[in-house]
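> sequence below, structure please.
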Amino acid sequence: MTVLKTNTSHLLCRTKALTASAIALALLAGCSEEARDETVQSEAATTVEFQAPGNWDNVEGFQESKTDWYEDGRFGLFIHWGLYSEAAGDWQGERHYGITEWLMRRTRTNTEEYSALVNDFNPTEFDANEWIDFAEESGVKYIVITAKHHDGFAMYDSAVGQFDIVDATQFGRDPLKELADAAADSEVRLGFYYSQYQDWTDPNAGGNDWEFDPDTKTFSTYQETKALPQIEELLTGYGDVGIVWFDTPGDATPAESEAFANWVEDLQPATLVSSRVGNGFGDFLTLSDGEMPQRPITDIAWEAIYTHNDSWGYSRFDTNFKSTTDLLHKLATAASLNGNLMVNIGPDGNGNLPEGSAKRFRQVGAWLDKNGESIYGTKGSPVGPVPWGAITHRPGSLYLHVFHVPASGEIMVPYMDTAVLAAGVLESREPVTYRKDGDNLYISLPKDLKDLKAPVIRVDYDGFLADNEWDVPVIVSADPEIPGRLSPNWAEFSGNARAEKLSYYLYFGDWKHHQAVIGQKTQADTATWPLRVEAPGEYQVTLSYAANADSAGNEGLIEVGDNLVEFQIVQTASGAGDFPQNRPVPILDHHVGIVSFDKPGVYDLTIRPRQDYTAFFSLTDVTLRLVD
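Residues are numbered from 1 along each chain as shown. Model (predicted):
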């Protein structure tokens, strides 16, 4: 039996039935501590050659566990492919923007009518070897593909009924078997997605309440006669399976979730189980669709999952593909937080990968060919967050992922209290000039760095830096182009103040998330950020927040150093109470005042209501920007 063990001071697990993301994880507040002693003396600017550490496969691991291969791999490919791919978001002449794999439920189509898609679904252009080659070219280390989604259709040759791709379609082939055979001869591990609670074509499963009376459902019957037998088929007929990726546990009991997890472990002990099996079971944690944490998660392997456009299943009219740079930044951010990134592609009904996705994934792979050591096998940042990008780490080397190149041409790495041996551009091996001032490391960036896509600076050091060390004051940069950003999960709270997730979607199922400080009603409900100001001067304070009618007009205070800023909340949304999830949460960037610091140092910034109220805003960010 596999049980998730997470630090509940950082994570809150909510189970919601019949949503695109069954486990919504809200990252709660973290802690901060005093700044480290500034014991490192200033060093003159230095330029030193550096050496590559070798292939990531040969790097000594940080630990040995069942999830080692998964954590070392860092990058996965998700594939949603099924009958819904044939419909492609279009049902009876009506386009359905958003997630197309939910088409049957969104249109409340009956089983007989939906099942007629099998007459047209014939993906003759599918080539398993091409897909595996594509995965390798893209630099992914594992694939998870839908074996059965919520519509109940099996994408393999199942003996449990006839509603599968071999028995029900003219295609007559088992694509998952072909993929398993191709993956066995590659460096890519194959995993299977399985919807264990929802099955809209089964009268005893969850999800279909327009054909089947929920009061007459017996989930245990479905579990015993379809779900567990199909999982057994996948784990006994398709070679070594890296992952069984469960989804939407719905109203499953702890015993039912445990039965799924135990069944996988009994059949293939090395196979990983996703946390969406439900009720606290699983080998790794999957965050909500489209969610990235703000702090490292260190007590369990975890992943952020995104789809490449707005739908997980194929949509013929969805071309909103994330850029290559966006994918690379997400990959670096996840790794800097000690986690994985899995990005989804939805093949079409013919078996082709959309070119808009394929092109950008290959570009990610080309980048990984040159910069992969900064991702594969690394751990999270040992020096906390930085305003210009993200940092990954392996013993002896830091990898500085530069998202924003400042006009000054210089970036600063804080809390670098070890000796630096060398620094250079990872892709070109070009040395760079650096200097130390106290425990700050300043890197002079080459002028042509902007010509590189998602550039990485490698810094080799002598000594020890702990992984995932984020309990440090947040840096407020002296560069006006890169403001200091205080995120909710970096705050310390008192009273009823806390950090919680605001979630909503634009198109149906296209989830967006913001962490927010909420719960502030009285003067005792405070949020405090320890921050480290790098230069004296005046800084503009901007509050990013959402506010309903019940908090509009209420006043708040910001206290930092000798500064007191008073502000009034501006209404951003109609209504009162919680924000609805089926429309965007309107967030205002409100410039509320100027604060001044006469010297660098560590300060506490506290936000509180001016007086006791019945409601306050939902605060998503605080930024401080140096102004003239």
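
> list the buried residues in the top helix by length along the chain.
Using DSSP state H, we find that the single longest helix of the chain is helix 355-371. By neighbour count on 16 or more other Cβ atoms under 10 Å, the buried set for helix 355-371 is 356, 357, 358, 360, 361, 363, 364, 365, 367, 368, 371. For glycine as for every other residue, the C-beta is placed from the backbone atoms N, C-alpha and C.

> what about the closest residue to the third one other than its chain neighbours, how many residues nearby?
Distances taken as Cβ to Cβ, 6 or more residues apart in numbering place residue 134 nearest to residue 358, at 6.5 Å, with adjacent residues excluded. Neighbours of residue 134 under the rule other Cβ atoms under 10 Å: 21.

> circling back to that earlier point, TSV for the buried residues of helix 355-371, including pLDDT?
Listed next are the buried residues of helix 355-371 as TSV, based on pLDDT from 0 to 100:
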residue	pLDDT
356	97
357	98
358	98
360	98
361	99
363	98
364	99
365	99
367	98
368	99
371	98
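
> residues in contact with residue 158?
Residues counted as contacts of residue 158 (Cβ atoms under 8 Å, 6 or more residues apart in numbering) are 164, 166, 167, 230, 233.

> tell me the contacts of the first one?
Just to be clear, that refers to residue 164. Contacts of residue 164 (Cβ under 8 Å, 6+ apart): 153, 154, 155, 156, 157, 158.

> picking that back up, so what does the longest helix of the chain touch, helix or strand wise?
strand 75-79, helix 128-138, helix 324-336, strand 340-345 (3 or more Cβ pairs under 8 Å, 6 or more residues apart in numbering; DSSP states H and E).

> just put the ones you listed in TSV and tack on distance to residue 617.
Shown next, in TSV, are the helices and strands packed on helix 355-371 (distance: least, Cβ to Cβ, whole Å):
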stretch	distance to residue 617
strand 75-79	35
helix 128-138	42
helix 324-336	26
strand 340-345	31
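
> any idea which of the ones you listed gets closest to residue 202?
Nearest of those to residue 202, taken as Cβ to Cβ: strand 75-79 at 23.2 Å.

> follow-up on the earlier one: looking at the contacts of residue 164, spot the one nearest residue 612.
residue 153 (55.7 Å).

> circling back: make CSV from the contacts of residue 158 and add distance to residue 410 to it.
Output for the contacts of residue 158, formatted as CSV (distance: Cβ to Cβ, whole Å):
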residue, distance to residue 410
164, 59
166, 60
167, 64
230, 57
233, 58
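
> sorry, back to before: out of the helices and strands packed on helix 355-371, which gets nearest to residue 381?
Using Cβ to Cβ, the helices and strands packed on helix 355-371 put helix 324-336 closest to residue 381, at 5.0 Å.

> angle of that closest one against helix 355-371?
50 degrees (axes from the mean of the first three to the mean of the last three Cα atoms, to 10 degrees).

> circling back: now, the most widely separated pair of the contacts of residue 164?
Most distant of the contacts of residue 164, by Cβ to Cβ, are 153 and 157, 12.6 Å apart.

> which helix or strand contains the residue most central in space within the chain?
For the chain, the residue nearest the mean C-alpha position is residue 304 (2.5 Å; Cα atoms, centre = their mean). Counting by DSSP states H and E, the element that carries residue 304 is strand 302-307.

> helices or strands up against that strand?
By 3+ Cβ pairs under 8 Å, 6+ apart, strand 302-307 packs against strand 75-79, strand 285-286, helix 324-336, strand 340-345.

> now the buried residues of helix 355-371 in a markdown table, with distance to residue 104?
Shown next, in a markdown table, are these (distance: Cβ to Cβ, whole Å):
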| residue | distance to residue 104 |
| --- | --- |
| 356 | 25 |
| 357 | 24 |
| 358 | 27 |
| 360 | 29 |
| 361 | 28 |
| 363 | 34 |
| 364 | 32 |
| 365 | 34 |
| 367 | 38 |
| 368 | 37 |
| 371 | 42 |
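
> of those, which pair is most distant in space?
356 and 371 (23.0 Å).

> helices of this structure, start to end?
Going by DSSP H, the chain shows helices at 68-73, 83-87, 103-107, 111-115, 128-138, 165-168, 175-184, 219-222, 228-236, 254-267, 324-336, 355-371.

> what about the residue nearest to residue 340 when sequence neighbours are not counted, neighbour count?
Of all residues not flanking residue 340 in the chain, residue 303 sits nearest, at 4.1 Å (Cβ to Cβ, 6+ apart). Close neighbours of residue 303, defined as other Cβ under 10 Å, add up to 25.

> how close does residue 303 sit to residue 399?
The gap separating residue 303 from residue 399 is 20 Å, by Cβ to Cβ, to the nearest Å.

> count of neighbours near residue 323?
11.

> ignore what I typed, I meant residue 425.
Neighbours of residue 425 (other Cβ under 10 Å): 22.

> hey, what's it bridged with?
Residue 425 forms beta bridges with residue 457, as assigned by DSSP bridges.

> check the gap between it and residue 605 for me.
35 Å.

> quick check: the gap between residue 267 and residue 540.
Using Cβ to Cβ, we find residue 267 at a distance of 59 Å from residue 540.

> what does residue 118 give?
Counting by Cβ to Cβ, the gap from residue 118 to residue 540 is 60 Å.

> and these two? which has more neighbours close in?
Applying other Cβ under 10 Å to residue 118 and residue 540 shows that residue 118 carries more neighbours, namely 20 against 16.

> nearest residue to that one other than its sequence neighbours?
That would be residue 168: by Cβ to Cβ, 6+ apart, it lies 4.3 Å from residue 118.

> verify the contact between the one you found and residue 162 for me.
Yes: under the criterion of Cβ atoms under 8 Å, residue 168 makes contact with residue 162 at 5.9 Å.

> neighbour count winner among those two?
The neighbour comparison of residue 168 against residue 162 (other Cβ under 10 Å) goes to residue 168, with 19 against 11.

> which one of the contacts of residue 158 is nearest residue 404?
Using Cβ to Cβ, residue 230 comes nearest to residue 404 of these, at 47.4 Å.

> how about that closest one, what does it touch?
Contacts of residue 230 by Cβ under 8 Å, 6+ apart are 147, 148, 154, 158, 160, 194.

> can you tell me how far the second one sits from residue 368?
So that's residue 148. Taking Cβ to Cβ, one finds residue 148 at 31 Å from residue 368.

> and stretch 176-188, how far from the chain's centre?
26 Å (Cα atoms, centre = their mean, to the nearest Å).

> list the contacts of it.
Taking Cβ under 8 Å, 6+ apart as the rule, stretch 176-188 contacts 126, 128-129, 131-132, 135-136, 140-143, 145, 147, 155-157, 189-190, 192, 234, 237-240.

> buried residues in that stretch?
Those would be 176, 177, 178, 179, 180, 181, 182, 183, 188, for stretch 176-188 by 16+ other Cβ under 10 Å.

> farthest pair within the residues you listed?
177 and 188 (15.8 Å).

> average pLDDT for stretch 497-504?
Per-residue pLDDT over stretch 497-504 has a mean of 94.

> you'd agree residue 447 is up against residue 409?
Yes: contact status for residue 447 versus residue 409: in contact at 7.0 Å, counting by Cβ under 8 Å.

> show me which of the two is the more surrounded one.
Using other Cβ under 10 Å as the criterion, residue 447 and residue 409 rank with residue 409 on top: 13 against 9.

> if I pick the residue lying closest to that one once chain neighbours are set aside, what's in contact with it?
Once flanking residues are discounted, residue 409 sits nearest to residue 445: 5.1 Å by Cβ to Cβ, 6+ apart. By Cβ under 8 Å, 6+ apart, the residues touching residue 445 are 402, 405, 409, 410, 411, 432, 457.

> are any of the residues you listed buried, and which?
Buried among those (16+ other Cβ under 10 Å): 402, 405, 410, 411, 432, 457.

> now for these, which pair is the farthest apart?
405 and 432 (12.6 Å).

> returning to that earlier point: for residue 153 and residue 157, list the residues in contact with both.
164, 165.

> this completes my enquiry, with thanks.
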